[in-house]
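# what follows is a predicted protein model with its sequence.
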Amino acid sequence: MDGTREIGLQNVGSNCSISQMEDYDLSRLLDKPKLNMERQRSCDERSLSELSSFLAGGGLENIEMMCSPGRRSALDTPTSSARNSFEPHPMVAEAWDALRRSLVFFRGQPVGTIAAHDHSEEILNYDQVFVRDFVPSALAFLMNGEPEIVKNFLLKTLQLQGWEKRIDRFKLGEGAMPASFKVLHDPTRKTDSLIADFGETAIGRVAPVDSGFWWIILLRAYTKSTGDLSLAETPECQKGMRLILALCLSEGFDTFPTLLCADGCSMIDRRMGIYGYPIEIQALFFMALRCALALLKHDAEGKEFVERIVKRLHALSYHMRNYFWLDFQQLNDIYRYKTEEYSHTAVNKFNVIPDSIPEWVFDFMPTRGGYFVGNVSPAMMDFRWFALGNCVAILSSLTTPEQSIAIMDLIESRWEELVGEMPLKICYPAIESHEWRIVTGCDPKNTRWSYHNGGSWPVLLWMLTAACIKTGRPQIARRAIDLTESRLLKDSWPEYYDGKQGRYIGKQAKKFQTWSIAGYLVAKMMLEDPSHLGMISLEEDKQMKPLIKRSNSWTC
Ligand code: GLC
């Protein structure tokens, strides 16, 4: 075991945050008394505006110094609102009730929340606990000081990972995490059993690449929020992480550090033209790698992964920041690209043909602002804007600080298009007509401006809010929350809205969709106590620089 790591582990008490764990070099440990003194100051003493300007100046690092997770008490739902002199919105209590109604129990223990508590129509697979859907529920429970369910969920899904997974005669990778699971209650025998879906019963038979990443991200959120390192350090959790990492860090024929994926392997779980290197997966991949780096032990088995992660992170951030980034300048450069360039001197490395740039993007691109495009692969640039990938890129600091600001600038200047009447568009713009036929295979659920094809998903509110807080713009989050408060409860918490402005409840949207409910609660709690951001956000400079130092010291 690495010596400094050992010292780090021994010195951090159970109330210590992962951020301290992340910086386990000696100089940081010597800084500890200063940190603790800072932490005596209560977050509660600061007003929201103070906090936002504070954030704008120094970001998360400062927040981490101000607030220790162990002291976050009195966060029980409605009361927390009062602390910042906000009246608790009546929707908050309703949301908690609805969230609790969605709880799923296994042998008496809460292990997750079902996707939707909608009995009005065919339930399909919405009675299952989806890994990705549970994330906002988990964050809400953590923020409310109820970590047990999150721990149960992490352990239950870890057990499922251990199952042998097959699609027909093909065996899936050991590390794959399920998209969802279901608890079957047998009332006569009074037993509970589990079934899980790793893609073998999903539409299109695609494995959820995002599940394993969300699992690691959630393990870090749990550890950061509770200060309880013991869960992440169990041999089971360490092995679970290594298995996920083994899947996504394996060598192949790749020439890019990004992860090659099938269509439908993430939140967008139907054919939507996202095969290749979708931004959602790349951002989650980056974030999960960074979380794993903070959680992995540097023992014989962990060390090898740590080294591979460090190398991959550097290559991945370079690739993404350079080739996925699009702003006015970059668009203009691509517009003037030469094609058919060979050799190392090529400017147009992927041979993107300027004629393939869609018309809409020239109008959409503001003079100030930018975003990560949806996908980059040979001769292909998907110029669509995707919400989840861009928000997670900000939260994980895959973006440079300038790029984070630019993404927020773009959201502000394209508010009508991206937020309209209901936050937030899953992607922009919708694909229509001939393109829709070719790209979706004529999918009737993904018609233009509906569902995954330009629909508006309330769940994305929490990610937007987190990104707003991180970039020091809580007022944008406030605006978005106001919009949801005018409709979400009245409309019975729909899964998604349709139309260019997101004015209509989605054609086939489920009601009482759990992540719409939990997403709202998380957004509210984060805005009221921005220190919550720490459990789902990673800061850049502090992280990436020591990474280089650490990798050198290991190889020496
Ligand atoms: C839909 C969504 C998917 C979600 C699931 C359960 O299939 O596309 O992202 O996880 O519903 O809510």
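Yes, it's here.

# what's around the closest residue to the ligand within the stretch 101-250 of the chain, how many residues?
The ligand sits closest to Ala115 of the stretch 101-250 of the chain, with a gap of 3.7 Å, by C-beta to the nearest ligand atom. From N, CA and C alone the C-beta is placed, and that goes for glycine too. A count of nearby residues for Ala115, using other C-beta atoms under 10 Å, gives 25.

# distance of the residue most central in space within the chain relative to Pro110?
By C-alpha atoms, centre = their mean, the mean C-alpha position of the chain lies nearest to Val392, the distance being 5.0 Å. Going from Val392 to Pro110 by C-beta to C-beta, to the nearest Å gives 26 Å.

# again with Lys311
Distance of Lys311 to Pro110, computed by C-beta to C-beta: 39 Å.

# between these two, who's got more neighbours?
More crowded of Lys311 and Pro110, by other C-beta under 10 Å: Pro110, with 17 against 13.

# look up the closest residue to that one, ignoring the ones flanking it.
Of all residues beyond its chain neighbours, the one nearest Pro110 is Ile149 (4.4 Å), with distances taken as C-beta to C-beta, 6 or more residues apart in numbering.

# next, the buried residues of the helix or strand containing the one you found.
Ile149 is part of helix 148-161, with elements assigned from DSSP states H and E. Neighbour counts over helix 148-161 (16 or more other C-beta atoms under 10 Å) mark Ile149, Val150, Lys151, Asn152, Phe153, Leu154, Leu155, Lys156, Thr157, Leu158, Leu160, Gln161 as buried.

# show me what the helix or strand following that helix is packed up against.
The helix or strand immediately downstream of helix 148-161 is strand 166-167, counting by DSSP H and E. When contacts are defined as 3 or more C-beta pairs under 8 Å, 6 or more residues apart in numbering; DSSP states H and E, strand 166-167 packs onto no helix or strand at all.

# just use 509 as the starting number from now, easier for me
Got it, first residue is 509 now, which makes that one strand 674-675.

# immediately after strand 674-675, which helix or strand?
Downstream of strand 674-675, the next assigned helix or strand under DSSP H and E is strand 678-679.

# got a list of contacts for that following strand?
Glu672, Lys673 (C-beta atoms under 8 Å, 6 or more residues apart in numbering).

# OK, contacts around the residue nearest to Pro618?
Ile657 neighbours (C-beta under 8 Å, 6+ apart): Leu611, Pro618, Val619, Gly620, Ala646, Phe649.

# give me the element the second one is part of.
For Pro618, the host element (DSSP H and E) is strand 617-621.

# partners of that strand, with directions?
strand 611-614 (antiparallel) (DSSP bridges).

# go through the strand it pairs with and flag the buried ones.
Residues of strand 611-614 classed as buried: Leu611, Val612, Phe614 (neighbour count, 16+ other C-beta under 10 Å).

# circling back to that earlier point, residues in contact with the strand holding Pro618?
Looking at what lies outside strand 617-621 - C-beta under 8 Å, 6+ apart - the contacts are 607, 610-613, 637, 641-642, 645, 656-657, 660-661, 664, 689, 691, 1022, 1026.

# that one - what's its average pLDDT?
The pLDDT scores in strand 617-621 average 98.

# any residue of that strand touching the ligand?
No: using C-beta under 6 Å from any ligand atom, strand 617-621 stays clear of the ligand, with a minimum separation of 10.5 Å.

# who touches the following helix or strand past that strand?
Per DSSP H and E, strand 617-621 leads on to strand 637-638 as the next helix or strand towards the C-terminus. For strand 637-638, contacts defined as C-beta under 8 Å, 6+ apart pick out Val612, Val619, Gly620, Thr621, Ile622, Ala623, Phe661, Ala687, Ser688, Phe689, Lys690, Val691.

# for the first one, give the beta-bridge partners.
Per DSSP bridges, residues listed as beta-bridge partners of Val612: Gly620.

# that one touches Ile622, doesn't it?
Yes: between Val612 and Ile622 there is a contact under C-beta atoms under 8 Å: 5.6 Å.

# just the contacts of Ile657 now: which is nearest Arg713?
Using C-beta to C-beta, Gly620 comes nearest to Arg713 of the contacts of Ile657, at 23.2 Å.

# longest helix of this structure?
Ordering each helix of the chain by length in residues (DSSP state H) puts helix 808-827 first.

# how about the nearest residue to Ser1000, chain neighbours excluded?
Lys1019 (4.1 Å).

# since we're on that neighbour, how many residues are nearby?
17.

# list phi and psi for the residue lying farthest from the centre of the chain.
Relative to the centre of the chain, and counting by C-alpha atoms, centre = their mean, the farthest-placed residue is Thr696 at 40.4 Å. With angles defined as degrees, to the nearest 10, Thr696 sits at phi -70, psi -50.

# same question, Met1034
phi -70, psi -40.

# same deal with Phe880?
phi -80, psi 130.

# wait, it sits on Ala895?
No: shown here, Phe880 and Ala895 do not form a contact pair, counting by C-beta under 8 Å, at 11.0 Å.

# burial of the closest residue to Arg876 other than its chain neighbours, as a residue count?
The shortest distance from Arg876 to any non-neighbouring residue, by C-beta to C-beta, 6+ apart, is to Asp917 (5.1 Å). Neighbour count for Asp917, taken as other C-beta under 10 Å: 19.

# now Ile675
Neighbours of Ile675 under the rule other C-beta under 10 Å: 15.
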